[in-house]
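1. Kindly return the folded structure for what I paste below:
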Amino acid sequence: MAARPAFYFDLASPHTYLAAERAEQMFAGLAWLPASSDALQCDVSLAEDERAAVAGRAAMLSLPLVWPVHPPLRVLGAMRVASLAAERGICAQFVLAASRLMYCGGYDIDDPEILSEAAAAAGIGFGDMLRAAGDVSRDGPIEAAGRRLLQAGADRLPALRVGGAVFGGENRMSEAFLALGRS
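-> Next up is the predicted model:
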C-alpha cells in the first residue's frame, strides 16, 4: 500500500497560503505536517520583487491577498498549534484558517487573540491552544521535519511528498498531483 501523501508547510510563508487553498481540493486524505523553513535553509522574508511575484501568483489563482503589516519571519506559536492540530487530524482546518487570517485579513497570527480564532475554526479550545503555543517541546519535531525534507531533496516549503518523491514549492503542486495518479 502506498504511503499517504503529505503536505509540509511553514505558516510564515505566503506560499503556504497559496498552496493550502489548492491542496485541500486536489488531494484526498492528505497528511498536513508543520516543517521549519529554517531547517531547509529557506528565507521566508520576501524582497519587493518576490512580494510582487506572490501577488501575481495569487491573482492568477483568483485568491485574495492582503499582506500583514509586519510580514512574519517566524510564527512559532502558530506552528506549535499546527503541530497539535496535526496530532488531532484537524491540521487542514487550522492551516486554512490561520493562513486566511494572515494573508486575506493581514492579521498577526502569533497574536493570541488571532491565533485563538484559527484554533477555534479547527475545533481547538482556547486552553489547548495556549498550552500548545507555549510548548517549546514541539519545536524539535517541526525542525526535524524540515531537515528530513532537505535530505529528501526539497529546497523550499511548502512541499508535497507523494510516495518516495518530494515536490518543493507551491508551483509544483500539479506535478505532485500527477505523480499521485501514477503511484
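2. Need the residues that contact the helix or strand hosting G56.
-> G56 is located in helix 48-60, with elements delineated by DSSP states H and E. Defining contact as CB atoms under 8 Å, 6 or more residues apart in numbering, one finds that helix 48-60 is touched by 14-15, 18, 46, 64-65, 67, 170-171. Glycine gets a C-beta too; all of them are placed from N, C-alpha and C.
3. and what of stretch 65-73?
-> Surrounding stretch 65-73, the residues in contact under the criterion CB under 8 Å, 6+ apart are 11-12, 14, 17, 44-46, 51, 54-55, 58-59, 102-110.
4. And for stretch 99-109?
-> With contacts defined as CB under 8 Å, 6+ apart, stretch 99-109 is touched by 11, 14, 16-17, 20-21, 64-70, 72, 75, 78, 98, 114-115, 117-118.
5. go with 10 Å
-> When contacts are defined by CB atoms under 10 Å, 6 or more residues apart in numbering, stretch 99-109 is touched by residues 9, 11-21, 54, 58, 63-72, 75, 77-79, 81, 97-98, 110-111, 113-115, 117-118, 121.
6. ditto for stretch 123-133
-> Residues from elsewhere that reach stretch 123-133, judged by CB under 10 Å, 6+ apart: 75-85, 87-88, 90, 93-94, 110, 112, 115-120, 122, 138.
7. Look at S174 and give its secondary structure.
-> Under the three-state scheme (DSSP: H, G, I helix; E, B strand; the rest coil), the conformation of S174 reads as helix.
8. quick one, strands of the protein?
-> If you assign secondary structure with DSSP state E, the strands in the chain sit at 6-9, 31-34, 159-162, 165-168.
9. The least confident helix or strand in the chain by mean pLDDT: which residues count as buried?
-> Counting by mean pLDDT, DSSP states H and E, the weakest-scoring helix or strand in the chain turns out to be helix 173-182, with a mean of 79. Neighbour-count burial for helix 173-182, counted by 16 or more other CB atoms under 10 Å, picks out 173, 176-177, 179-180.
10. And for stretch 121-137?
-> Of the residues in stretch 121-137, 121-122, 124, 129-130, 132-133 count as buried by neighbour count, 16+ other CB under 10 Å.
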